[in-house]
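Peer 1: fold the following, please.
(one chain, ligands or ions: 1)
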Amino acid sequence: MKVVEAMEASKNKTLSRVRGKDTKMEVKVRQELWRRGLRYRKNYRKLLGTPDIAFPGLRMVVFLDSCFWHGCPVHYKEPKSNVEFWRNKIKRNRERDKEQTEHYVCEKWTILRFWEHEVNDDFERVIAEIVKVHDDLAAQREAHSDVQEDLEGEVDFNDLCE
Ligand SMILES: [Zn+2]
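Peer 2: Residues are numbered from 1 along each chain as shown. Next comes the predicted model:
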């Protein structure tokens, strides 16, 4: 595929994306994590923001942010029509991302966020980072397995610290 065609294709895909539906980028990352033995929940609705990848027992979530929908500073290109609509929409999305990140940090969860372009351009580094953080948390959990209960399903996000 030529570069221009590839760009057109990915742009169309982005614009036609139905929220909550798996994108190619998400599938690619999940498949590789699975191949490396990581077992996760995908689009985990029990958690704030429905993380693309979640390890509830480790209190770890991963978000993969589309360059378009999340307003990547490098790649976001404002649509030519309905400028005001898009400006507000993307602004709200960015604010929500920030709030969600703060909530997880505040609750002492580990949150990783990657841009779509990182997944595309730097796939190995993204995977290595997720695997490392996961393995470190799993090792810590193992070391404290006598005191730490499985937190899966017990997180109440109505109760978040402000
Ligand atoms: Zn980007």
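
Peer 1: who touches stretch 26-45?
Peer 2: 20, 22, 50-56, 61-62, 64, 119, 123, 126-127, 130-131, 134 (CB atoms under 8 Å, 6 or more residues apart in numbering). Heads up, the C-betas are built off the backbone N, CA and C, glycines and all.

Peer 1: which among those residues count as buried?
Peer 2: Buried members of the contacts of stretch 26-45, scored by 16 or more other CB atoms under 10 Å, are 50-56, 61-62, 64, 119, 126-127, 130, 134.

Peer 1: from those, which is closest to the ion?
Peer 2: Within the buried ones among the contacts of stretch 26-45, proximity to the ion (CB to the ion) peaks at V119, which comes in at 9.6 Å.

Peer 1: skip the chain neighbours and tell me the closest residue to that closest one.
Peer 2: Of all residues not flanking V119 in the chain, M25 sits nearest, at 4.9 Å (CB to CB, 6 or more residues apart in numbering).

Peer 1: wait, a strand at that neighbour?
Peer 2: No - going by DSSP: H, G, I helix; E, B strand; the rest coil, the assignment for M25 is helix, not a strand.

Peer 1: farthest pair in the buried ones among the contacts of stretch 26-45?
Peer 2: Farthest apart among the buried ones among the contacts of stretch 26-45 by CB to CB are P56 and V119. That separation is 22.4 Å.
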